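Peer 1: Whatever this is, show me its structure:
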Amino acid sequence: MDEHTAAIIVEPIQGEGGINVPDEGYLRALIELGRRQNFLVIFDEVQTGWARTGELFAWQHEGPDARPDIMCIGKSVSGGFAPVSGILANDALMSLLGPGSHGSTFGGCPISSCIAYAALHAIEEEKLVQQAQEKGEWLMERLQELAERAHRIKEVRGKGMMFGIELTKDGPDGHHFTELLLEKGAIIKDTHHWVLRFTPPIVAGKQDLEFALDCLEEVFVGQTAGA
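Peer 2: The predicted structure follows:
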């Protein structure tokens, strides 16, 4: 980073990197550094945005002083029904793009826009932020209890309905366990070999979440735990 740095882009919580949650104050400090050094701070909220972490956007866990200059959004903004993505920024930045200075082949699709509009209403009307907070706290407690009994689980971390289950390195890697879980009916993706990314739908009911927890219990504590 030097005087030629124009911007820095980070995920408020690393997704594919292994669900790595920064220390409290990290995002605020990054914003403050950007102001001091005169560069833009961009938060990639494609995975963390729209209630996933128990706030509408993950940076809000650190309060208004963590607000970025630009925010990238996508995925759940359409509820999974259409490919929708975009950026959000203040007027001062957006006004720099005059008519015709920027375009997109698939941008502004009326059907996708209507779907996104409906999804935003659902997030508000169904109180998905509150759902993610409450279900997330319950799931974190259950997952940490499981980790205490499963020797292959090193750590459980995350916020809201976004969890990383890090494995110890004294046996098969995460992909082995994703296959075992899939056989039982649970789709949980592995990343960086040793972390399982557990990100259930925010609208999932308790019965569905209990099923996923049962699958994890069988794989990590049951007969296959020593595999």
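
Peer 1: From the contact counts, what lies against the longest helix seen in the chain?
Peer 2: The residue-count maximum for a helix in the chain (DSSP state H) belongs to helix 128-149. Here helix 128-149 touches strand 153-159, strand 162-167, helix 206-220, going by 3 or more CB pairs under 8 Å, 6 or more residues apart in numbering; DSSP states H and E. The C-beta positions use only the backbone N, C-alpha and C, and glycine is treated the same way.

Peer 1: make it 6 Å
Peer 2: strand 153-159 (3 or more CB pairs under 6 Å, 6 or more residues apart in numbering; DSSP states H and E).

Peer 1: Mind listing the strands the strand it packs on pairs with, and their directions?
Peer 2: strand 162-167 (antiparallel) (DSSP bridges).

Peer 1: Which residue, neighbours along the chain excluded, lies closest to G79?
Peer 2: Once flanking residues are discounted, G79 sits nearest to A119: 4.0 Å by CB to CB, 6 or more residues apart in numbering.

Peer 1: Any figure for the gap between that neighbour and L216?
Peer 2: Between A119 and L216 the distance, using CB to CB, to the nearest Å, works out to 29 Å.

Peer 1: now do A118
Peer 2: 33 Å.

Peer 1: and the two? which has more neighbours close in?
Peer 2: A side-by-side neighbour count of A118 and L216, using other CB atoms under 10 Å, places L216 first with 26 against 13.

Peer 1: okay, that one: pLDDT?
Peer 2: The model reports L216 with a pLDDT of 98.

Peer 1: And for it, nearest residue in space, chain neighbours not counted?
Peer 2: That would be L146: by CB to CB, 6+ apart, it lies 6.1 Å from L216.

Peer 1: and that neighbour, how many neighbours?
Peer 2: By other CB under 10 Å, neighbour count at L146 equals 17.

Peer 1: Find the nearest non-adjacent residue to R67, please.
Peer 2: Using CB to CB, 6+ apart, the closest residue to R67 is W59 (6.6 Å).

Peer 1: Run through the residues that contact the one you found.
Peer 2: Applying CB atoms under 6 Å, 6 or more residues apart in numbering to W59 gives the contacts 12, 27, 43, 66.

Peer 1: Now, of those residues, which are buried?
Peer 2: Burial by neighbour count, judged by 16 or more other CB atoms under 10 Å, picks out 12, 27, 43, 66 from those.

Peer 1: Contacts only, for the residue nearest the centre of the chain.
Peer 2: In the chain, the centroid-proximal residue (CA atoms, centre = their mean) is T48; its distance is 3.2 Å. By CB under 6 Å, 6+ apart, the contact list for T48 reads 12-13, 58.

Peer 1: cutoff 7 Å now
Peer 2: Neighbouring residues of T48 by CB atoms under 7 Å, 6 or more residues apart in numbering: 11-13, 58, 162.

Peer 1: So which of these sit within strands?
Peer 2: M162 (DSSP state E).

Peer 1: Looking at the contacts of T48, which is nearest N38?
Peer 2: For the contacts of T48, the residue nearest N38 by CB to CB is P12; the value is 21.9 Å.

Peer 1: where's that closest one relative to L146, distance?
Peer 2: 26 Å.

Peer 1: just checking, L143 touches E155?
Peer 2: No: counting by CB atoms under 7 Å, L143 stays clear of E155, with 10.1 Å between them.
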